[in-house]
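> Sequence and predicted structure, then a few things I'm wondering about:
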Amino acid sequence: MKSKTVKLVSGVAVLAVLFCAYLGVVSYVDSQEKKEAETQNTSVSLVDIEPENITSVSFLSEDGEQADFEKEEDTWSKKGEEDFPVSQDTIDGAVNSLAALEADQELTGPEDLSEYDLDKPQNKIVLTTQDGSETVLLVGMKNEVSGQYYVKKPDKNNVYLVSETVLIPFMGNAYSFAEAEAFPTVTAASIKEVQVDKENGYTLSQDKDSLYWYVSDGKTSEQADTSKAGAVTSSIGSLTYGEFVDYHCTDPAKYGFDTPYAIISAAYMAETDTGANTDASEVSEQDESSGEEQEEAEETADTSEKEDTQTEKKLVICVGDEINGSRYVKVNDSNEVYTIPEESLTEILDKAPSDFYSLTVNYLTVNNLDSLEIRQGKENHRVKVVRAEEKNSEETKEDADEDESSDSPEKEAASEEATVTYTLDGKDADESLFTTFYNKLINMAGEKRLTETYTPEGEAAFTFVFTGTEGKKTTVSYYEYDSSFYAAVAGDKVYLVNKMNVKDLAEACEALLKEENQSSGKNSAEENASEDPTAAEETE
C-alpha cells in the first residue's frame, strides 16, 4: 500500500514539472513574439518635408564653424561665398534624404540627456522652407555598436536613433558638398623626366634613343636601374586626391607651401589630335598628273585626315605640411588645395639618388666585345672574339635574266653571313663554355652599392679587363669583403656581390680554362705523335 502511495506522489510531481516547463515555453514564445513585433514597428517618421520647398540648410562643421547653403531657382550656393564650387548632385541627394528622415527607434522619456551627449549636442542641423519655418535636429553621440546617432528635436522630449548614412554628409565640413577636381591624368609610360626638389633630391631622365633611365644628384649622372625608375613613374601615374581642403588658397603658409616639403616635377608627353581635312576629290581635280600620282595623293589625304602629334607637358606638385597621415598638395598653377596620403608619395619622396643606382657590375654584350682578359692569381688568360664574314653570291639564272632585263638601277647585293668564334690564349675555345661563363660575368649584380670610400686589402681574387669593339677598356676586380660578400670594383663604383654568385662565376671560369688546358694537352700529344710513330702508337 505504501509503495502505491509513493508511486502516485512521484507521478503527480512529474506532471507538475512538465506543466511548469510548458508554461515556461509558452511564456518565452510570447515574449519573443512581442520583441519581434517591437523590432518590426520601431521606425518613426522624424522629418517629412517636400524637398522642393527647402530653401536652405545649415549645420555645424567639424571645426566648430557654421556652414550655410542656400537654394535659389534649384541652384545651391554657399552663403557668403558665391565662388564656392558646390556639387549640386551631392547636396541635393543629402538634403532630399534628410527631408524624408525616419528614425530607426524612438526612446521615450529619457531621464538624463547627457547619457546621449544631447545636453551639449555636437551638431545642429537646420532645414528652412519657403514659408520660413525651420526643422531643427540636435545630434548627440554616436552609438559605436549600432553605428547610429542619437538625435533630438528641441521641442520634443523623446530621443531617436538615426542611421549615420543620412547624417554623415553633415558631420564633416562644407567641403563635403564641394565639386572637387580630378587629379591630372598622366600615364607612367608617357613620363620622360622626374625631378624631386627636396633634401637629398634627385632627377630621373630617360634617354629618347636608348630609353635607358639616368639618375642625377645635380653634380653627377649615371645609368639608373630601370625597375626602380619605373616604380617612381608608376607612383606618379597612380596618384589621386584625398580630401578637398581649400578651393582658393590665399595663405600658402597655412599649408606649408611657403617652404615646401618637396616639389615634384614630371615632364610627360601628351597626345594632341590635329585634323588635316584634305578632300581627296579636290586633290585629284587640281592635280592633272598621272593616274598613279592621283592614287598616291588620295592615299595621302586619307591617312592625313587625323594625325596624332605629341607635345611635352609638365606636372608640378607642391607638397606641403603633414596632416593625419596625409600631406597638403597643390598642383600646377591651381589655387585649390587637396590632401594625398603619405603612403602614395613614399615611392617618390623617400628616395635618394643612390637608391636608383644600377646594381649591374658591368654589362657589355658579346656583340660589342673584342677581347676579354682573365686574371686569377698569377694566371693570365685572354679570350679573343673572332668575327668572319662569308659572302653568299649564289644567284639563279632566272634572277640573272631578270636583272639584265630590268631598267631599275638597283642591283641585288650579295648576302653576307657573319660567323663568330672565340679563341682562348690563341687557341679555339669551346663556344658553349665561354657563353655560359660570359653570361654569368656580365649579369653579375650587387646587392648593395657602396657610397663611402673603399680601399681594398690584399690582391684581387679575380680581375676581368673588357675591351670593346671600339677600343674602350673597362676593368672589374673582385676582392674579398667579408664572410658574405665580394667587393666588385669597377672604376669609381663598388658593388657588394653575394659570395655564392661569385662562386658560380668562378666554377664557370674554371670549366672554360680546364677545357683549354685539356685541348692544349691533346694538341701537344698529337703533334708529338706525328713526329714520332712510336709515340703515336702509345697515344692510341
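That came in fine, so what should we check first?
> alpha carbons only for contacts and neighbour counts from here, please
Fine.
> quick one: low-confidence parts of this protein?
1-41, 273-308, 390-417, 516-540 (pLDDT under 70).
> so where's the longest strand in it?
Counting by DSSP state E, the longest strand found in the chain is strand 306-323.
> could you dump it to CSV, C-alpha only?
Extracted in CSV, the C-alpha atoms of strand 306-323 (Å, rounded to 0.1, in the frame of the first residue of the first chain):
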residue,chain,number,x,y,z
LYS,A,306,43.7,62.7,-88.4
GLU,A,307,47.2,62.9,-87.2
ASP,A,308,48.3,62.3,-83.6
THR,A,309,51.1,64.6,-82.5
GLN,A,310,52.7,64.6,-79.1
THR,A,311,53.6,67.7,-77.1
GLU,A,312,55.5,67.9,-73.9
LYS,A,313,53.6,68.9,-70.8
LYS,A,314,54.7,69.4,-67.2
LEU,A,315,53.0,68.3,-64.0
VAL,A,316,54.2,70.2,-60.9
ILE,A,317,53.1,69.0,-57.4
CYS,A,318,53.9,71.3,-54.5
VAL,A,319,53.9,69.1,-51.3
GLY,A,320,53.3,70.9,-48.0
ASP,A,321,52.7,70.0,-44.4
GLU,A,322,51.6,66.7,-42.9
ILE,A,323,48.1,66.2,-41.6
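> buried set for that strand?
Under the neighbour-count criterion of 16 or more other C-alpha atoms under 10 Å, strand 306-323 has 314-322 buried.
> Need those residues in a markdown table (columns: distance to Q148).
Putting those into a markdown table (distance: C-alpha to C-alpha, whole Å) gives the following:
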| residue | distance to Q148 |
| --- | --- |
| K314 | 47 |
| L315 | 43 |
| V316 | 43 |
| I317 | 39 |
| C318 | 39 |
| V319 | 37 |
| G320 | 36 |
| D321 | 34 |
| E322 | 31 |
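> Most widely separated two among the residues you listed?
The largest separation in the buried residues of strand 306-323, counting by C-alpha to C-alpha, is between K314 and E322 at 24.6 Å.
> can you pull out the helices in this protein?
Counting by DSSP state H, the segments of the chain that form helices are 2-40, 88-99, 164-167, 226-237, 280-286, 291-303, 342-349, 397-405, 431-442, 499-531, 533-539.
> Surely A488 is in contact with T475?
No - here A488 does not reach T475: they are 10.2 Å apart, not a contact under C-alpha atoms under 8 Å.
> Comparing those two, which shows the higher neighbour count?
The residue with more neighbours, out of A488 and T475, is A488; 27 against 15, by other C-alpha atoms under 10 Å.
> Look up the closest residue to the more buried one, ignoring the ones flanking it.
Excluding the flanking residues, the one nearest A488 by C-alpha to C-alpha, 6 or more residues apart in numbering is Y478, at 4.5 Å.
> May I have the beta-bridge partners of that neighbour?
For Y478, the beta-bridge partners are F462, A488 (DSSP bridges).
> tally of neighbours for it?
Using other C-alpha under 10 Å, Y478 is surrounded by 23 other residues.
> ok, it touching F485?
No - counting by C-alpha under 8 Å, F485 is not a contact partner of Y478; they are 9.9 Å apart.
> Any figure for the gap between I125 and F69?
For I125, the distance to F69 (C-alpha to C-alpha, to the nearest Å) stands at 12 Å.
> Which neighbours do these two have in common?
57-58 (C-alpha atoms under 8 Å, 6 or more residues apart in numbering).
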